[in-house]
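Enquirer: only the shape, not the letters, is given here:
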Ligand code: FES
């Protein structure tokens, strides 16, 4: 084999190796980033802001809080409640029943008041309350 053919084959092998490394990095970096690098948004710091205007009276807003489902309720009397939306029975996500002003867990028909207290069904305890403050029309949870 002459030198020019050898050089050409080496260039091809080098290019193929570089493409393989780049492809491996392109596939593994997002996985690494997702699982191993802490997120830097406010939610990861344990705080989340929800403008009061974004929640209707009698309505609820669901959001992610520290990697888990949570809900902010604005009751018909204007009172606010922030709760974990994870049912303490087996971990299903509760649903807000606007007409009844309570929560239903669809998995085993557990019912909770708008403050998270158990009304009926198998849940062994209330939905966990989340701390919040209201300032300048913003509800800050956490
Ligand atoms: S998981 Fe909610 S009632 Fe069973």
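Expert: Looks like it came in fine. No experiment lies behind these values; they were computed from the predicted model shown. Numbering: from 1, shown residues only.
Enquirer: can you give me the strands for the protein?
Expert: 48-51, 60-65, 68-74, 80-84, 95-97, 102-105, 110-113, 118-120, 132-135, 138-141 (DSSP state E).
Enquirer: helices or strands up against the first one?
Expert: Using 3 or more CB pairs under 8 Å, 6 or more residues apart in numbering; DSSP states H and E as the contact criterion, the secondary-structure elements in contact with strand 48-51 are strand 60-65, strand 138-141. No exception for glycine: its C-beta is placed from N, CA and C like everyone else's.
Enquirer: and the shortest one, what's buried?
Expert: Going back to what we said before, that points to strand 138-141. 139, 141 (16 or more other CB atoms under 10 Å).
Enquirer: which residues of the chain lie near the ligand?
Expert: Contact residues (CB under 6 Å from any ligand atom) of the chain with the ligand: 87, 89-90, 92, 105, 107-108, 110, 121-123.
Enquirer: could you rerun that using 8 Å?
Expert: Within the chain, the positions lying close to the ligand (CB under 8 Å from any ligand atom) are 87-92, 94, 105-110, 121-123.
Enquirer: for the residue nearest the centre of the chain, name its beta-bridge partners.
Expert: Geometric centre of the chain, nearest residue: residue 64, 3.1 Å, by CA atoms, centre = their mean. Judged by DSSP bridges, the bridge partners of residue 64 are residue 69.
Enquirer: can you count the residues close to residue 109?
Expert: Residue 109 is flanked by 10 other residues according to other CB atoms under 10 Å.
Enquirer: for it, what are its contacts?
Expert: By CB atoms under 8 Å, 6 or more residues apart in numbering, the residues touching residue 109 are 120-121.
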